[in-house]
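Student: Following is a predicted model, sequence given first.
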There are 2 protein chains.
Amino acid sequence: MKTPPRLRLRLQKATFPHTTVPEGTRRRILEVGLQLFASRGFHDTSVRDLAKELELQPSALYAHFPSKDHVLAELVRIGHEALHAALRTALLSAGSHPADQVRALVRAHTHLHATYPQMAVVVNEELYALAPELAAPALALRDQSSALLLEVIARGEEQGVFAPPHSVVTAVAIAAMGLRIPYWFEPSDALDINALADLHAELALRMLGGRTTT
Amino acid sequence: MKTPPRLRLRLQKATFPHTTVPEGTRRRILEVGLQLFASRGFHDTSVRDLAKELELQPSALYAHFPSKDHVLAELVRIGHEALHAALRTALLSAGSHPADQVRALVRAHTHLHATYPQMAVVVNEELYALAPELAAPALALRDQSSALLLEVIARGEEQGVFAPPHSVVTAVAIAAMGLRIPYWFEPSDALDINALADLHAELALRMLGGRTTT
DNA sequence: GTCTATATGTTGATAGAC
DNA sequence: GTCTATCAACATATAGAC
């Protein structure tokens, strides 16, 4: 926190996907960590910065986390688990038609990235700051999550309802839409989260060449 | 550079878009800066790290740049200028049909991000580390670059050859494909840069609903 | 579980010789 | 334009009292 207030993301109160995060100081640390890591980055946020925002002394944090890295690791874990859970739930409540399933996955992906922009940014930009053993669980979940989309696309191609120019490149492009959301989207009357989710689902289906409705 | 080798981007020799970067030590500093900032991030790369890789003493850098920030600022400037120049050139050599123009813009965007992945990463992820006055020129160029795509899309809609579900959201989605390239793409025989450019252009046109050929 | 105080290393940057 | 030597500020983390 040497350089003036160029922020990666607007500095605002950060919220979690509702996972099992205990109340109390530990949770407050995670919330403040999410806020600061998202807006200035992990390496540009010091333990003193966290403590100041929490109105605690720096040493007090170490009663709750063994190190600054572990605060980030916990955030990264929560974020990946929330996304994976959301995608699985979406798939389960979708119909059996591949277009419905893509719509469900993309809508869930969009919803999460638009609702928890700080979590999305920290999970995606600061994962590399973790030692391999702290990052590993998140990376495993990430692979499982992308597999969900790839499988639905493959099934759609087999059934002849999708005809993307290249299934992997198209899957990456669909995911990319979601990953960019925190950097430009601000919910408004003209374009709220639900409308954005619909738009992204529509764009995904256009890329897949699957305009089919059930 | 405290934490073990989790790298954001593979550590490899970094090259520039051919802009006017003078030979000599100043250029070497920029090349090494690009390499290290891309792989570990600006805040996790110390002046000592740069000096070590350059086989110089840390103090020697200050004969070429007034501060570490100015190294990043110069990289960010070069990157933005290169992209803007590439997009303008692409537009000029494209035909007058909006579909041709989108194809040209997307192909150029893809080419640059695939050819200079480190530059793309640094420009997009580390811009926020700069003080406003150092970041301003780049931000201005960025606005001009996105305007190019938005204008072509608007013209296509007026002519009735494009019918995207939402022009701004679609433009952002098209740009997002390009921004993700450095994080997954590795040129291969099965998928080289040209093929990727073609695929991205095709996906962009599908999103725009403009399959027209000239 | 929070505090005060501090250990220990690293940071960006400068002074001044050659 | 590079070196040696160094500064002041900052980093993460710990020790021990309450």
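Tutor: Nice, thanks for sending it over. Numbering: from 1, shown residues only, chains lettered A, B, ... in the order given.
Student: Every contact and neighbour count from this point should use C-alpha atoms.
Tutor: Noted.
Student: Where does the spatially most central residue of chain A sit, in terms of helix or strand?
Tutor: With distances taken as CA atoms, centre = their mean, residue A:120 lies nearest the centre of chain A, 3.4 Å away. Assigned by DSSP states H and E, residue A:120 belongs to helix A:117-125.
Student: What are the phi and psi values at residue A:16?
Tutor: Residue A:16 adopts backbone torsions of phi -100, psi 150, taken as degrees, to the nearest 10.
Student: how much space between it and residue B:190?
Tutor: Separation of residue A:16 from residue B:190 (CA to CA, to the nearest Å): 41 Å.
Student: what do you get for residue A:202?
Tutor: Remark: distance between residue A:202 and residue B:190 (CA to CA) = 29 Å.
Student: before we move on, what about residue A:173?
Tutor: Distance of residue A:173 to residue B:190, computed by CA to CA: 18 Å.
Student: If you count surrounding residues, which of the two has more?
Tutor: Shown here are residue A:173 and residue B:190; by other CA atoms under 10 Å in any protein chain shown, residue A:173 has more neighbours (26 against 6).
Student: Okay, and that one sits in which element?
Tutor: Using DSSP H and E, residue A:173 sits in helix A:167-184.
Student: which stretches of chain A form helices?
Tutor: For chain A, the helices defined by DSSP state H cover A:25-40, A:47-54, A:68-92, A:98-115, A:117-125, A:132-158, A:167-184, A:193-208.
Student: Including mean pLDDT, could those helices go into CSV?
Tutor: Listed next are those as CSV, based on pLDDT from 0 to 100:
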stretch, mean pLDDT
helix A:25-40, 97
helix A:47-54, 98
helix A:68-92, 97
helix A:98-115, 98
helix A:117-125, 98
helix A:132-158, 97
helix A:167-184, 98
helix A:193-208, 98
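Student: for DNA strand C, what are the nearby residues on chain A?
Tutor: Within chain A, the residues that sit near DNA strand C (CA under 7 Å from any atom of the strand) are A:25, A:55-64.
Student: if you set the cut-off to 10 Å instead, what comes out?
Tutor: Residues of chain A found near DNA strand C (CA under 10 Å from any atom of the strand) are A:2-3, A:24-26, A:28-29, A:48, A:51-52, A:54-65.
Student: What parts of chain A come near chain B?
Tutor: Applying CA under 8 Å from any CA of the partner chain, we find that chain A lies next to chain B at A:3-8, A:40, A:43-44, A:128-132, A:165-166, A:169-170, A:172-173, A:176-177, A:180, A:199, A:202-204, A:206-207, A:209.
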